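> would you be able to build a 3D model of this:
(one chain, ligands or ions: 2)
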Amino acid sequence: NVSRLDAAWSVLYQLEQAGFQAYLVGGCVRDMLLGNSPDDYDVATNALPSEVQELFPRTVPTGIRHGTVTVLMGDERIEVTTFRTEGEYADSRRPASVKYVSTLEVDLSRRDFTINAMAMDRHGRIIDPFEGRADLQKKTIRAVGEPEKRFQEDALRMLRAIRFAVVLHFSIEERTWLAITENAGNLSRISRERIRDEWNKIILSDIQVGIQLLNKAGLFDVVFPDVPLQSPRKLMQAAEFAKRLPEKIALRQAALFRQLSVGETAVQKILRELRQPNALIRSVISILRAIPDVDPLTWTDAAWRRYLYCHGKDIALDAFLIVGYIRVEKQNLILNKLYESIQKQPIWSVKDLTVTGQDLIAELNIPPDPVIGHILERLTELVLENPLCNTRQSLLAAAREMYENL
Ligand code: ATP
Ligand code: MG
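Ligands and ions are numbered 1, 2, ... in the order given. Here you go, the predicted structure:
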């Protein structure tokens, strides 16, 4: 995003012109050195939040308690944070207070991993006190400082280590890994929302490596305390299965639960407890419900039509991606049959009938009462049974007969 980078550069420049130090820091520096384009740019400065607010005409105090002011530049938003350390950590969660410090180095030392603890100045020079660049080269996730201590300060960092390893295809340095395995249980003190955000990044990435690392570290059971205990073999088979599917959270989550034999009620509870949005939970459940128990190649054409009418096209497509891998030897046959059935599907809802409730009232002299809804429903069944019936003439005739026989 070029204009966002321009905006970030302009923020650095203006802070420097005003006599402050200012650097790009954290994830954006890592991503630029990797040749990836960052999603957003964070700036660190020795200017106090009030000074940042004075300097820029449009600001929002988005995280003022942590020293963060968001500067608005055109349509872009740049987060500017005053150099700080984190005070005492009461309970492996969030620092109880933040303290401003005068140097960039101290600010960098509070960051989680060496690859996230680099800064870049306005001239593109890299400030790298913890050898993050070397770790980028070695494709290594390494805690800044004492891993034990850093994970005891903030247990979420353990999950972040795995997320970065998965997303970047890096490995986790030995001592950092050891400290994760020894402190895994502390992740349960972290808010479910923060855990969810990391999990959602893992599931969209290499879910197989992700689940393997989570399980080896002892973190899987903390992320999913209500998933019944699984053998590592079954867990890895499920992960391998989910990985083949497109990168969509609902689809992969449904596939995982299905392969781990987690039932609908448990699925609902687990996802609620992980604070996943209701829309996502509904999708997962709908996909699971749409996975047929029997081989769909044994279905009649009418059974296909009823299936599609019941579940809808999008959910059917997702469910059949899963079905295709369950019955992998017939995958092509099954998917082709699905696509063909979607093409031929006569109606997707009552609105696709060639008659409306209004038509029935007018043409058949039926009073507008609940009977209309009932007749329309029977007409959809008729059309799903025999698509040729979906003409105005046949449906009106059928409706008349239904009404007379009520
Ligand atoms: P991405 O935005 O791609 O997920 P990121 O590295 O930018 O990755 P953010 O959560 O945006 O991650 O955090 C920005 C920076 O803040 C990190 O690069 C790191 O330096 C620091 N940071 C974030 N979370 C923590 C944490 N829990 N402990 C220590 N430092 C952290
Ligand atoms: Mg970021």
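> separation between the residue in the chain that ligand 1 sits nearest to and M402?
Nearest to ligand 1 in the chain, going by Cβ to the nearest ligand atom, is G27, at a distance of 2.1 Å. C-betas here are computed from N, CA, C, even on glycine. From G27 across to M402, the span is 64 Å (Cβ to Cβ, to the nearest Å).
> equivalent analysis for M73, please.
65 Å.
> how far away from the center of its chain is the helix or strand of the chain with the lowest mean pLDDT?
When the helices and strands of the chain are scored by mean pLDDT, DSSP states H and E, strand 98-100 comes last with a mean of 82. Distance of strand 98-100 from the chain centroid (Cα atoms, centre = their mean, to the nearest Å) equals 32 Å.
> ok, S102 - how many residues close by?
The number of residues packed near S102 is 10, by other Cβ atoms under 10 Å.
> give me the phi and psi angles of the closest residue in space to it that isn't next to it in sequence.
Nearest non-adjacent residue to S102, counting by Cβ to Cβ, 6 or more residues apart in numbering: N46, 6.3 Å away. The phi/psi pair for N46 (degrees, to the nearest 10) reads phi -90, psi 0.
> N46 and L204, how far apart?
In this view, N46 and L204 are 37 Å apart by Cβ to Cβ.
> more neighbours: the two, which one.
Neighbours were counted for N46 and for L204 using other Cβ under 10 Å; N46 has more, 19 against 16.
> test my guess that that one contacts V80.
No: contact criterion Cβ atoms under 8 Å: N46 and V80 do not qualify, at 11.1 Å.
> around ligand 1, pick out the residues from the stretch 51-200 of the chain.
111-112, 116-117, 154, 156-157 (Cβ under 6 Å from any ligand atom).
> how does it look with 5 Å?
Within the stretch 51-200 of the chain, the positions adjacent to ligand 1 are 111-112, 116, 154 by Cβ under 5 Å from any ligand atom.
> listing partners with orientation, what would you give for the least confident helix or strand of the chain?
strand 84-86 (antiparallel) (DSSP bridges).
> run through who's touching the strand it pairs with.
Contacts with strand 84-86, where a contact means Cβ atoms under 8 Å, 6 or more residues apart in numbering, come from 66-67, 95, 97-101, 106-107, 109-110, 153.
> check those residues for the minimum pLDDT and say which it is.
For these, the weakest pLDDT value sits at P95, with 64.
> that older thread, kindly supply the PyMOL command isolating those of the contacts of strand 84-86 that are buried.
For the buried members of the contacts of strand 84-86, the matching PyMOL selection, counting by 16 or more other Cβ atoms under 10 Å, is:
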select buried, resi 67+95+98+101+107+110+153
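> what separation do you get for the residue nearest to S102 and G26?
Taking Cβ to Cβ, one finds N46 at 16 Å from G26.
> report the buried residues of stretch 176-196.
176-177, 179-180, 182-184, 186-187, 190, 194-196.
> of the residues you listed, which belong to helices?
Members of the buried residues of stretch 176-196 lying in helices (criterion: DSSP state H): 176-177, 179-180, 182-183, 194-196.
> returning to what we had before: which residues touch the residue of the chain closest to ligand 1?
Contact analysis of G27 by Cβ under 8 Å, 6+ apart lists 38-40, 42, 116.
> quick check: phi and psi on the residue lying closest to L321 once chain neighbours are set aside?
In this structure, L321 finds its nearest non-sequential neighbour in L245, 5.6 Å apart by Cβ to Cβ, 6+ apart. Phi and psi for L245, reported as degrees, to the nearest 10, are phi -80, psi 160.
> check contacts around L245.
So L245 contacts 251-252, 255, 321-322, 325 (Cβ under 8 Å, 6+ apart).
> need these in TSV (columns: neighbour count and pLDDT).
Formatted as TSV, the contacts of L245 follow (neighbours: other Cβ atoms under 10 Å; pLDDT from 0 to 100):
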residue	neighbour count	pLDDT
L251	21	98
R252	22	98
A255	28	97
L321	20	96
I322	22	96
Y325	16	90
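> the closest residue to V355 other than its chain neighbours: what secondary structure?
Excluding the flanking residues, the one nearest V355 by Cβ to Cβ, 6+ apart is L395, at 4.7 Å. Put simply, L395 is helix when judged by DSSP: H, G, I helix; E, B strand; the rest coil.
> burial check on L395, number of neighbours?
The tally of other residues near L395 (other Cβ under 10 Å) stands at 21.
> how about L55?
So L55, with other Cβ under 10 Å, has 19 neighbours.
> please parse the protein into its domains.
Domain assignment for the chain by automatic domain parsing gives 1-132, 139-289, 292-339, 350-404.
> the longest one: end-to-end distance?
Using Cα to Cα, to the nearest Å, the gap from the first to the last residue of domain 139-289 comes to 41 Å.
> ok, now stretch 183-198?
Start-to-end, stretch 183-198 (Cα to Cα) is 18 Å.
> likewise for stretch 348-368?
By Cα to Cα, the extent of stretch 348-368 from end to end equals 24 Å.
> now do the buried residues in the helix or strand harbouring M236.
If you go by DSSP states H and E, M236 is part of helix 232-243. Neighbour-count burial for helix 232-243 flags 235, 238-239, 241-243 (criterion: 16+ other Cβ under 10 Å).
> check which element follows it along the chain.
On the C-terminal side of helix 232-243, the closest following helix or strand by DSSP H and E is helix 249-259.
> and the helix or strand just after that next one, what's buried?
Downstream of helix 249-259, the next assigned helix or strand under DSSP H and E is helix 264-273. For helix 264-273, a neighbour-count test (16+ other Cβ under 10 Å) marks 267, 270-271 as buried.
> pLDDT added to those residues, as CSV?
Listed next are these as CSV, based on pLDDT from 0 to 100:
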residue, pLDDT
V267, 97
I270, 97
L271, 98
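> just the residues you listed now: which is nearest A302?
V267 (30.1 Å; Cβ to Cβ).
> show me the helices in the stretch 201-350 of the chain, by range?
Under the criterion DSSP state H, counting those that start in this stretch, the stretch 201-350 of the chain carries helices at the ranges 207-217, 220-223, 232-243, 249-259, 264-273, 278-289, 301-311, 313-326, 331-344.
> quick one: mean pLDDT over the next helix-or-strand element following the last one.
Past helix 331-344, further along toward the C-terminus, the next helix or strand under DSSP H and E is helix 357-364. When pLDDT is averaged over helix 357-364, the result is 90.
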